[in-house]
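1. Provided below for reference: sequence and predicted model.
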Amino acid sequence: MDNKDIDQELTANLQSRMPLVGTLGIEFVSASASGIMARMAWAPERCTAAGILHGGAIMALADSLGGFLAFLNLPEGATATSTIESKTNFFRAVRNGYIHASATPLHTGRSTIVIDTELTDDNGKRIARVTQTQAVLGG
């Protein structure tokens, strides 16, 4: 994935609606109710010791995609979603390049939505996997 793959309009829209998305520099490739693809660049201000991308930044990327995907899958009458559970497995450190994220729904119910997000590096190696449950609100 390179810069030509980024959906600039979608990215700008989400960065304005979710300020943390802009702070983290998350860029979106595509988004539909069946899945979302995005990426986030390694940057020194997102790191912990030794130039390793902070796990919290990785989790924030996954949570941002999960919340948006849950929103795209809200049942009729529902108005919002909120993360109520998140499980992250980390597999390798990130010291440069991009994290590529692909989120898909595992369950879309009336009261909860479960999202699976796979995170890889520029070489396609798995960095982390996040499974989260989103509460359906206002329905």
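-> Received it, and whenever you're ready, just let me know what you need.
2. so where is this structure shaky, pLDDT-wise?
-> 1-2, 139 (pLDDT under 70).
3. do that again at 90, thanks
-> Applying pLDDT under 90 to the chain flags residues 1-4, 139.
4. Show the residue spans covered by the helices in the chain.
-> Taking DSSP state H as the criterion, the chain carries its helices at 8-17, 19-24, 55-72.
5. how about a markdown table for those, with mean neighbour count and distance to residue 110 added?
-> C-beta: built from backbone N, CA, C; applies to glycine. As requested, those are exported to a markdown table (neighbours: other Cβ atoms under 10 Å; distance: least, Cβ to Cβ, whole Å):
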| stretch | mean neighbour count | distance to residue 110 |
| --- | --- | --- |
| helix 8-17 | 14 | 25 |
| helix 19-24 | 15 | 27 |
| helix 55-72 | 22 | 13 |
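6. now these in TSV, with distance to residue 101?
-> Shown next, in TSV, are those (distance: least, Cβ to Cβ, whole Å):
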stretch	distance to residue 101
helix 8-17	13
helix 19-24	11
helix 55-72	6
